[in-house]
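# predicted coordinates and the sequence they were generated for:
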Amino acid sequence: MEIGHIGHASVIIAFISALYGVYVLFFAQKPENPQFETYTKASKWAFGIHAMSVFGIISSLFYIIYSHQYQYHYAWSHSSRLLPVYYMISCFWEGQEGSFLLWIFWHIVIGFFLLNASPKWRSQIWIVYFSVQAFLVSMLIGVIIPGLDWKLGSSPFILLREVQPDAPVFAINPQYVPEDGRGLNPLLQNYWMVIHPPTLFLGFALTLVPFCYAIAALWTKRYTEWIRPAIAWTSLGAGVLGIGIAMGAYWAYETLNFGGYWNWDPVENAVYIPWLIMVAALHMLMIFQSRKSGLGAAFVLVIMSFTLVLYATFLTRSGILGNASVHSFTDLGLSGQLLVYLLVYSALSIILLSYRWRHLPHSPKEMEIYSKEFWVSGGVLVLALASFQVLASTSIPVYNSISKSFGFELNLAPPADPIMHYTQWQMAFFMFITILTGIGQFFFWKNESPKSILKSLGLPLNIALAASTCLILFVGMDNWKWILFLAMALFGAVANIQMLIRLMKAKTTLTGGAFAHLGVALCLIGILFSAGYSKVVSLNTTGSVYRKDFSTEMNRDNILMWRHTPQKMGQYTIFYKGPRLELKNGLGYVNKDILVQSDEPHKGILTDSVLLAGNWKNPGDTLEFYPENTYYQIEYNDSTGKKFTLYPRAQVNPNMGLIASPDIMKFAGKDLYTHVTSIPSPDEEIKYSAPAPVTIHAGDTFFIADHVAVLQKVQKLSPALQASIGPTDAAVEAVIKIYGNENQVFVAKPIFLIRNQEIGILPDVVEDVGARIALAEINPTDQTFTISVETAKTDWIILKAVEKPGINILWIGVLVMTFGFMMSVYRRFSEDKPRLAKSL
C-alpha cells in the first residue's frame, strides 16, 4: 500500500471519528443518563482513534517530503533535495494543507488536557471540540461531491499527474516522477519559519478552549463556573499568540528588506485583530472573577476571539485579498467551505448567546470612576476599538466582494498609505492603553482611598515627565504627537515598575500583569524610536541616477559600491569585498570566484587555498555549499578604527525577481541594517576590452588594470582539476599574483591545454580586479609566456544601510511582556490548581 493511500485513509478515519464523537456525545449530555458512562467511553475511544489517525496523516506527509517522493504534488511544490532537514519541516506547513494539519495537531495536543473536563459539561465541551476538528479535517479530504460539483477540501496526498493531467510529460510517460521539487519559498528558508508557524497556530488552537467553555456554559446554564478555567486558558492563548506574532515580526525584520518589522499587511492584521480581542477578553474575565460584573462582555469577547481566528483564516486562504497582501495563499477552491465554517460558528454562537442573554447574572451596582472595573473596562473598550479599526480597514476587499455578489460595485480602495493609516490610529489607541495600564494597576491591586491612589501616581508621573523632557532635548523631538506618545509610554512603564516592586514584596507570582504591562510600554517606546527616528546612512551624495526604474527616494537613499573601492558612508568607510557562498557544516563563507561548480549543484571545487574554520583547504578540494543565495561581503570601518563585516544576501528567483535579505549589526543602542538593492543581472554579458598581450618570463612583473601583477610560475594541474578537464589532456596553469589595495593579493590561474593535438585556452576571470586573464602562448625555446589580459568594469552592487535607534527596547519589551504572560499562566495553572480542578 502506497504511503499516499495510508495518508488519505487516515484523513477519512480522522473525519469519521470526529463526526462519531459529536454523535455519541449528544446522547451523553446529562450525567444522570444511564448510558452516560457508555457514551463517554465511546467518545474517548473516538478521540483516541481520531488522534492516532491525525498522527498517521502527519507521519505520512512528512515521510513523503523527507524521502523526496515527488510524484506527490505537495512534496514537489514545496520541497527539494537540497534542503536541510530543518527546512523540510518548514516545507510541511508552507502549503495550505500542511498548515491546516498543524492546526489540527495542536488541537489534538490540547484535547489530551481536556479529557479530564468535569462531567457537568464534558459532553458540551467535546461536542464543540469534535465539530471543530471535523470541519478542519474536512479541509484535507480532497473529493468532489457527486451531483453538486463542490470540492470538499484539498488533499496533500494528491499525485502530481492528477493536478497536471494535461502536462506533455505525462502523455509520454504516465509514471513520470520529477528528479527534484520546486523547493521552499526563498523567504521561508529561515530558522524563524521553523518555529514561528507552530507557535502562531498553537495560539490559534488555544482560542478553542475558552470558546468551548463559553458555549458549554451557555448550553448548560452554568453561567459563572466557566470563568476560572477560561482565564487560565485565555492567559496561555494570549501569551502564545503574542509570542507567535513577535516571532513573525522579527522574521520580517531579519528576512525582508522593507526595513521594518511590521508592514500592516492584511495577513499580519488578520493575526493581530484576534490577539487584541483575546487580551481584552482576558481582562474582562478577570473583572468578572473579582467584581462579578461584565459577564456578558466576557462571553462576547471570548466568542469573538475564536470566530475572528476563523475570519483570519478565511481572509488569508480564500483568495479574497487578491494582490492586497504578499502573504496570502492562493485559493485552492476552499473559499466556500471556509465561509461555511465561519458562518456556522458565528451564527450558532450569536443565536445561543442571544437566547441566554437575559438569564446572565448582572451586577446590580454601576461602576464607579474610582473602581478597578471602571479602569480595566476602559482598557478593554480601547483594545476592542483598536481591533475594530484594523478589522474595518483590512476587510475592504470583503466589502467589495459582498457588494459584487449582490449585483453592484462598491470599488472601495484600501488605504493608499497603509503604514501611515494604521499607525496613526493605533498610536492614538495605545496612548490611552499605556495610561490605563499604569492607572488601572493601582486601582486593581490597592485597596486604598482614591485620594491615596492618585497621590501614589504622582511619583511615576513626575519621573515620566522628567525623563521625557531629557529625551526630547537629547533627541531633538519636535513632533507633538510623538512627544505625547513618549510621555504616556514612559508613565506606563514607570507606574508598572513601581507596582512591580510593591507586588514582589507581597507575592512574586502576582507580578504577571505588571510585567506584561511594562513590556507593552517598552515595546511602544522601542517602536517610537526605531520607526520614528530611523536614519538612512547610505545617502547618494553624487547625484547620480542609478537606474531609471528607481524612484527618487531609492536613488537618494542607496549607494553604489564597486568591488574593493572604498566608499565614505556617514561615520563609516565601507568596502565591497565581493560575492560569497555559504558553506555547509558551519565552515562559513567562501569567495564565489574561487569555487568551480561541479556536476552536483551543491558542490564545488576550490581553485585556490583558503582558510576555513581554522583549517586550510587546498586547490582541488570539494566543498559543499548552499546554492540558493549569494552573500555580499561588506566590510565596515568606523571613525574609531573598529571593523566589522556584514553579509547581506540575495538571489534572483525566476518567479519573484531579486529577493534580498538584510544582515544586521547589533549595538547596544541601535541596529545597523544593511541590504542589497540591486546587483548585476546574471544573464548580462560582461563587456571586456580588446585583448592586451604581454610576453614575459616566470617571475616578471606586469600590469593588469592598474594593478601590479607577477607571473609566479607555470605548473601542472592538481589531480582534481586534471580529472575535471580530462585525464588524457595535457594541461598546465599559470599562477599569477595580482596586488590590490590594502595589501590584498588576488590569484589568477589560467589554463593552457592540448587536446587531440589542438590547443585550448581556458581563461580565469578575476572579478576583484575586473579582468579576464588567459595563458595564450607558451614558447619553450626562450621559456617565455604570453599573457592575454582583457579588462572590464569591476563587480558592483547597490545597497542601503539604515540605523535603527532604540530597537533593542522593542525586543526587550517583547521578552518582558512574554515573561509576564507566562508568570500569569503559571499562577493560574499552578497556584490555583485545586480550585481550577473543580472548575474543569
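Done, it's in.
# now stretch 64-84: buried residues?
Applying a neighbour-count criterion of 16 or more other Cβ atoms under 10 Å, one finds 64-65, 68-80, 82-83 buried in stretch 64-84. For glycine as for every other residue, the C-beta is placed from the backbone atoms N, C-alpha and C.
# now that stretch, how far from the centre of its chain.
Offset of stretch 64-84 from its chain centre (Cα atoms, centre = their mean, to the nearest Å): 22 Å.
# need the contact partners of that stretch.
Residues external to stretch 64-84 that are found in contact with it (Cβ atoms under 8 Å, 6 or more residues apart in numbering): 3-4, 7, 61, 63, 85, 88, 91-92, 94-95, 97-98, 156-163, 177-184, 189, 601-602, 626-628.
# out of these, which are buried?
Buried among these by 16+ other Cβ under 10 Å: 3-4, 7, 61, 88, 91-92, 94-95, 97-98, 156-161, 181, 183-184, 189, 602, 626-628.
# how much space between the closest residue to residue 410 other than its chain neighbours and residue 746?
The shortest distance from residue 410 to any non-neighbouring residue, by Cβ to Cβ, 6 or more residues apart in numbering, is to residue 403 (4.1 Å). From residue 403 across to residue 746, the span is 65 Å (Cβ to Cβ, to the nearest Å).
# who has more neighbours, these two?
Counted by other Cβ atoms under 10 Å, residue 403 and residue 746 do not tie: residue 746 has more neighbours, with 23 against 14.
# what's the helix or strand for the more buried one?
strand 745-748 (DSSP states H and E).
# export only the CA atoms of that strand, formatted as CSV.
Only the C-alpha atoms of strand 745-748 are listed here, as CSV (Å, rounded to 0.1, in the frame of the first residue of the first chain):
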residue,chain,number,x,y,z
VAL,A,745,46.6,39.7,-3.1
PHE,A,746,44.4,38.0,-5.8
VAL,A,747,45.4,34.9,-7.7
ALA,A,748,44.6,34.1,-11.3
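# what's that strand in contact with?
Residues outside strand 745-748 that contact it (Cβ under 8 Å, 6+ apart) are 608, 709, 734-740, 764, 766, 768-769, 771, 773.
# repeat that for 7 Å
Strand 745-748 has contacts (Cβ atoms under 7 Å, 6 or more residues apart in numbering) with 608, 735-740, 764, 766, 768-769, 773.
# direction included, what does it pair up with?
strand 730-739 (antiparallel) (DSSP bridges).
# returning to what we had before: take the contacts of stretch 64-84 and keep only those in helices.
3-4, 7, 61, 63, 85, 88, 91-92, 97-98, 160-163 (DSSP state H).
# from these, which is closest to residue 758?
For the ones in helices among the contacts of stretch 64-84, the minimum distance to residue 758 (Cβ to Cβ) is 46.0 Å, reached by residue 160.
# how near is that closest one to residue 69?
10 Å.
# got it, and residue 195?
Counting by Cβ to Cβ, the gap from residue 195 to residue 69 is 26 Å.
# with residue 779 instead?
59 Å.
# what's the answer for residue 201, then?
Applying Cβ to Cβ, the value for residue 201 to residue 69 is 25 Å.
# show me the shaky parts of this structure.
Scanning the chain for pLDDT under 70 picks out 1, 28-34, 147-148, 322-333, 363-371, 443-454, 720-727, 742, 831-840.
# now do the one helix or strand residue 345 maps to: which elements does it pack against?
For residue 345, the host element (DSSP H and E) is helix 335-356. When contacts are defined as 3 or more Cβ pairs under 7 Å, 6 or more residues apart in numbering; DSSP states H and E, helix 335-356 packs onto helix 208-220, helix 295-317.
# what's the closest of these to residue 246?
Using Cβ to Cβ, the helices and strands packed on helix 335-356 put helix 295-317 closest to residue 246, at 17.0 Å.
# tell me how far that closest one lies from the chain's centre.
23 Å.
# do stretch 238-246 as well
The answer for stretch 238-246 is 12 Å, by Cα atoms, centre = their mean.
# which residues touch residue 805?
Contact analysis of residue 805 by Cβ under 7 Å, 6+ apart lists 529-530, 533, 669-670.
# tell me which of those fall in helices.
Per DSSP H, these map to helices at 529-530.
# tell me the one among the contacts of residue 805 nearest to residue 413.
residue 530 (29.4 Å).
# shouldn't the closest one be in contact with residue 803?
No: with contacts counted by Cβ atoms under 7 Å, residue 530 stays clear of residue 803, the gap being 9.6 Å.
# neighbour count for these two, which is higher?
residue 530 (25 against 20).
# ok, how many other residues are close to the residue nearest to that one when sequence neighbours are not counted?
Nearest non-adjacent residue to residue 530, counting by Cβ to Cβ, 6+ apart: residue 807, 3.8 Å away. Around residue 807 there are 25 other residues, counting by other Cβ under 10 Å.
# what of residue 339?
Residue neighbour count, defined by other Cβ under 10 Å, stands at 14 for residue 339.
# next: residue 778.
Around residue 778 there are 15 residues (other Cβ under 10 Å).
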